[in-house]
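Engineer: Here is my input; please provide its structure:
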Amino acid sequence: MADAEDKADEEVEETEADTAEKSVRSAPPESVVISLKAAAGAPQLKSKKFKVTGSTECRKIVDHIQRLLKKDRVYCYVSAAHLLPALDEPVGTLAVNYGRLSSKIGWTLNFDYAEQPTWG
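Structural biologist: Model (predicted):
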């Protein structure tokens, strides 16, 4: 009978840990580190990492890359999924779904950028 109680306690602890992890992954982060990588022959940028608020729209990331490259059009993809995000999508939402959470720097979201369409 003691074994059944111990097993029940372990299941409760696992459930609480799962719930805590899910709440961390579902809460939009306050800030996100954006990491950029050139794709399809696009020029490399000197500044490849920067921090933005989680509510920053992807449009601002694209505009920033266009200014740095001095180009009228740039395609940005979420690296983990080769996803072309909507320009009004907050980077915090993308970070929770496709980014990495590190205890040292928080959320990181990797973007690939190109001067022409690269992935579907």
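Engineer: And for residue 56, the neighbour number?
Structural biologist: When neighbours are defined as other C-beta atoms under 10 Å, residue 56 has 17 of them. The C-beta positions use only the backbone N, C-alpha and C, and glycine is treated the same way.
Engineer: Show me the helices in this structure, by range?
Structural biologist: Assigned by DSSP state H, the helices in the chain fall at 2-26, 58-69, 91-98.
Engineer: How far away from the center of its chain is the shortest one?
Structural biologist: The reference is to helix 91-98. What separates the centre of helix 91-98 from the centre of its chain is 4 Å, taken as C-alpha atoms, centre = their mean, to the nearest Å.
Engineer: quick one, that helix and helix 58-69 angle?
Structural biologist: Angle of helix 91-98 versus helix 58-69, following axes from the mean of the first three to the mean of the last three C-alpha atoms, to 10 degrees, is 100 degrees.
Engineer: who are the neighbours of helix 91-98, in terms of helices and strands?
Structural biologist: When contacts are defined as 3 or more C-beta pairs under 8 Å, 6 or more residues apart in numbering; DSSP states H and E, helix 91-98 sits against strand 31-38, helix 58-69, strand 106-114.
Engineer: export the last one as CSV, just CAs?
Structural biologist: What that stands for is strand 106-114. The C-alpha trace of strand 106-114 is given here as CSV (Å, rounded to 0.1, in the frame of the first residue of the first chain):
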residue,chain,number,x,y,z
GLY,A,106,16.1,34.0,-21.5
TRP,A,107,14.3,33.4,-24.8
THR,A,108,16.3,33.3,-28.1
LEU,A,109,14.7,33.2,-31.5
ASN,A,110,16.7,32.5,-34.6
PHE,A,111,15.9,34.1,-38.0
ASP,A,112,17.3,33.3,-41.4
TYR,A,113,17.2,36.2,-43.8
ALA,A,114,17.6,36.2,-47.6
